[in-house]
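[1] sharing a sequence plus its predicted fold:
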Amino acid sequence: MATQTIDATIFASTHPDIVKRTSIPGLIFSAVMLLLGVLVFASTFEITDRSSTLSMLLMVLGTAFFLLGIFRLFWKSKEVVYLPTGSITKERSIFFDLKHMGKLKEMIEKGHLAVEDGVKSEGSGNVRMDIILSQDNKFAAVQLFQFVPYTYTPVTSVHYYTGNDAATVSAFLSKCKVS
């Protein structure tokens with residue numbers, strides 16, 4: 001099956017109802033980790049024997065908490081949200097065998113991912129389906145890729161589903177998962 005040139009991929013494309021915003025709980029957790037790291041590191045200066053194992057352990061733990069707090073602050077404190085419902089979205093990829101390519105492409109292009117018994121996901125495969133799904137199942141974005149030596153190439157453009165269609169995508173995902 002021939003693949004086509006598609007510039008936008010699902011994780012790089014934009015939708016007007018999807019925004020990335022700062023997660024307040026994530027921000028608070030990052031700040032607590034930073035503060036804990038500083039406090040644990042500073043506690044090493046209160047120990048009289050600075051060459052002790054406890055002192056070294058506290059120094060390593062303090063540095064680790066501080067660095068994890070920095071990492072979470074800059075890279076993990078954002079969340080992608082579906083605006084109409086305020087639901088947080090999750091990104092995932094599911095793999096299929098190449099024999100399901102035609103059926104999956106047809107279902108995506110028709111706009112209806114039906115729950116079919118014959119389509120089962122694999123641990124890895126030549127066909128990858130990238131999905132963005134809101135936690136309340138009111139929004140879904142789906143794109144299909146095929147493995148062409150060394151990379152996955154888009155086969156379909158990004159298709160968006162809302163309302164009952166998004167719930168159907170969620171049902172399809174739960175049905176086709178490997179047991």
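    Yep, it's here. Please read these numbers as outputs of a predicted model, since none were measured by experiment.

[2] the bottom helix or strand of this protein by mean pLDDT?
    The weakest-scoring helix or strand in the chain, judged by mean pLDDT, DSSP states H and E, is strand 121-122 (a mean of 78).

[3] centre of the chain to that strand, how far?
    18 Å (Cα atoms, centre = their mean, to the nearest Å).

[4] quick one: strands adjacent to it?
    Paired neighbours of strand 121-122 in the sheet (DSSP bridges): strand 87-96 (antiparallel).

[5] after the strand it pairs with, next one along is what?
    Next in sequence after strand 87-96, counting helices and strands by DSSP states H and E, comes helix 101-110.

[6] that next one to strand 87-96, inter-axis angle?
    150 degrees (axes from the mean of the first three to the mean of the last three Cα atoms, to 10 degrees).

[7] select the longest helix from this structure.
    helix 53-75 (DSSP state H).

[8] which residue packs closest to the residue sitting nearest the centre point of the chain, ignoring adjacent ones?
    Central residue of the chain (Cα atoms, centre = their mean): residue 91, 3.2 Å from the mean position. Among residues not flanking residue 91 along the chain, residue 132 sits closest, at 5.3 Å (Cβ to Cβ, 6 or more residues apart in numbering). C-beta here means a position set from N, CA and C on the backbone, and glycine is covered the same way.

[9] now tell me what touches the stretch of helix or strand the one you found belongs to from outside.
    Secondary structure assignment for residue 132, by DSSP H and E: strand 127-134. Here strand 127-134 makes contact (Cβ atoms under 8 Å, 6 or more residues apart in numbering) with 9-11, 18, 80, 82, 85, 87-98, 100-101, 104, 139-147, 152, 155, 166, 169-170, 173.
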